[in-house]
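Enquirer: Okay, here's the prediction I keep looking at, along with the sequence it came from:
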Amino acid sequence: VHSHGDARIMSYPSAPNKVKQGITTILMGNCGSTLAPLSEKNLPNMKSRYERLSLSWDWRSFEEYLDALSKKDLGINVACLVGHGTIRSVVMGYADRKPTREEFSEMKQLLAESLAGGAMGLSTGLGYSPGMYADTEELVALGEILSKYNGIYASHLRNQGSELLEATQEAIEVGNPNDVPIQLSHYKATGDHWDTLDDAFQLIEEHREKGIEVNFDAYPYHASSSSMQSVLPSWAREGGEKEILTRLKDASKRDRIIEEMRERDIDWQTLMLSYSKTYKTDEGKRIAELAEEKGRDPYEFFIDLLLEDDLTTRRVTFCMKARNIPKKLRHPLCSVGSDGGIHTPSLEGKPHPRYYGAFPRVIAKYVREGALRLEDAIRKMTALPAQQIGLQERGIIKKGMIADIVLFDYKTIKDTATFQQPKRFPKGIEAVLVNGNVVVKNGEFTKKRPGKVIKNT
């Protein structure tokens, strides 16, 4: 229900890390970022961001992107949201301002075209540029378009810490007046605000009682993962990657950035380096540890790290309380999502272990240790997410339903991926069927690639 890999699936269509953990269908296009639509205003930044993948970029519309994807030998079913941030960047680049009337009209048209072209709904990444520059009014107006195409609204909230309740309310305000299903992505309470989760659940439940369809998903880990540049102040991320690098090289702007970050009193011990093209042997270390080893101020080191890596640096952030994980997973509205991209062990870096082990971990840890009943866990990984996305023919085993099936050994199923050794496939998954075809047998891949692109109809 919450996946990434929109770019990498073009190069690794078998999706090995997904299929081997028992995932048969992924919903990509989350957090406001997708590979389409494209224009001269966002294509250069896109090419720079995904330079390592050597993509063809021979599509412009969202429908053309899905058509290009459907020509790949997919090992998994793929559905896709369209990203609000991407739509915004097509029209107005990465500017921190309200769209003009003409620009907003174009944004609404692009959303309508994307939904008609197969997008399952709209995603927002309100913690990332350029989505963070949109106000609630903009999002509510786009929600009107969603309602005409039976699309869902999936939101990476504007704040998952001190303003979790306000951010949750904002997402509900986008979907509510338009009668649009709301999906709160990778729902969490971060920082020193872990105890707000109960209040957040109460807020969600109050709106459900009013007939508003609001759901959420979560992954079974106490750490998140993202690009390292997202730690920068919002104004420093305006304009795309070239402008960000220019700011970081400007002495006065660099000083301002560091000053604002010091005011936030960032705990560098919580940030682990998961990918760096400059400091490859240091992947897996905390930023605080790295800075100390090099005799550097952590704020200064952080800026230099971004510059030396050309903003490609990635991080894992230990920002949640472990005790909140079973609390979230037990909630009846919570489905399981990995929030991981497409990956294979030959790739560089130390990605979050959720890339390889999220779904087996739910059973191995939270069911076998008594936090969840097995039948509830299975529902949260199958029928419930299918219902939340709007997949009518998948998610349960029943005559006439599409045969997406996983066979596993309850006694041996286990995630083996860790934060220090994340590129490990799980144990105990005997077979995986996608659209009735066996793609994993006795724990190993077959040659079948029966995956399909699922479109909103």
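Expert: In hand now; what should we look at?

Enquirer: where do the helices sit along the stretch 1-150 of the chain?
Expert: Counting by DSSP state H, counting those that start in this stretch, the stretch 1-150 of the chain has helices at residues 8-11, 16-19, 43-49, 62-70, 84-92, 101-116, 136-148.

Enquirer: Nearest to Ser346, out of these?
Expert: Of all those, helix 16-19 sits nearest to Ser346, with 9.9 Å by CB to CB. Glycine gets a C-beta too; all of them are placed from N, C-alpha and C.

Enquirer: picking up where we left off before, which one of the helices of the stretch 1-150 of the chain lies nearest to Gln421?
Expert: Each of the helices of the stretch 1-150 of the chain has some distance to Gln421 by CB to CB; the shortest is helix 16-19, at 13.9 Å.

Enquirer: How about residues contacting that closest one?
Expert: For helix 16-19, contacts defined as CB atoms under 8 Å, 6 or more residues apart in numbering pick out 3, 5, 26, 75-76, 338, 340, 342-344, 355-356, 425, 432, 434, 439-440, 445.

Enquirer: Out of the helices of the stretch 1-150 of the chain, which gets the lowest mean score?
Expert: Comparing mean pLDDT across those, the weakest is helix 43-49, with a mean of 86.

Enquirer: What is the least confident helix or strand in this structure?
Expert: Counting by mean pLDDT, DSSP states H and E, the chain has its least confident helix or strand at helix 43-49, which shows a mean of 86.

Enquirer: quick one: contacts of it?
Expert: By CB under 8 Å, 6+ apart, helix 43-49 touches 35, 38, 55, 57, 89, 94, 240-242.

Enquirer: Narrow the contacts of helix 16-19 to those in strands?
Expert: Secondary structure defined by DSSP state E assigns 26, 432, 434, 439-440, 445 of the contacts of helix 16-19 to strands.

Enquirer: and of these, the nearest to Ala386?
Expert: Ile26 (12.1 Å).

Enquirer: which one is that closest one nearest to, not counting chain neighbours?
Expert: Excluding the flanking residues, the one nearest Ile26 by CB to CB, 6 or more residues apart in numbering is Ser3, at 4.0 Å.

Enquirer: Next, count neighbours for the one you found.
Expert: The local packing of Ser3 (other CB atoms under 10 Å) involves 26 other residues.

Enquirer: pretty sure it contacts Thr25?
Expert: No: with contact defined as CB atoms under 8 Å, Ser3 does not reach Thr25; the gap is 9.2 Å.

Enquirer: Need the residues touching each of those two.
Expert: If you check Ser3 and Thr25 against CB under 8 Å, 6+ apart, no residue is contacted by both.

Enquirer: contacting residues around the residue nearest to Ile26?
Expert: Contacts for Ser3 (CB under 8 Å, 6+ apart) come out as 18, 23, 26-28, 30, 337-341.

Enquirer: got it, and Val438?
Expert: Contacts of Val438 (CB under 8 Å, 6+ apart): 431-432, 446, 448.

Enquirer: Then Pro177?
Expert: 140, 143.

Enquirer: rewinding a little: of the contacts of Val438, which is the nearest to Met10?
Expert: Lys448 (19.7 Å).

Enquirer: If we ignore the residues flanking it in sequence, what's nearest that closest one?
Expert: Counting by CB to CB, 6+ apart, Lys448 lies nearest to Asn437, which is 4.7 Å off, once chain neighbours are set aside.

Enquirer: swap in His4?
Expert: Gly341 is the one closest to His4 (CB to CB, 6+ apart), at 4.0 Å.

Enquirer: and what of Ile396?
Expert: Per CB to CB, 6+ apart, closest to Ile396 is Ala383, 5.0 Å.

Enquirer: Let me know whether the one you found touches Lys398 as I believe.
Expert: No: judged on CB under 8 Å, Ala383 makes no contact with Lys398 at a distance of 10.1 Å.

Enquirer: Go ahead and produce PDB holding the CA coordinates of the least confident helix or strand of the chain.
Expert: The C-alpha trace of helix 43-49 is given here as PDB (Å, rounded to 0.1, in the frame of the first residue of the first chain):
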ATOM      1  CA  LEU A  43      12.900  17.200 -16.500                       C
ATOM      2  CA  PRO A  44      16.400  18.500 -15.900                       C
ATOM      3  CA  ASN A  45      16.100  18.100 -12.200                       C
ATOM      4  CA  MET A  46      14.600  14.600 -12.600                       C
ATOM      5  CA  LYS A  47      17.500  13.500 -14.900                       C
ATOM      6  CA  SER A  48      20.000  14.800 -12.400                       C
ATOM      7  CA  ARG A  49      18.300  13.000  -9.500                       C
END
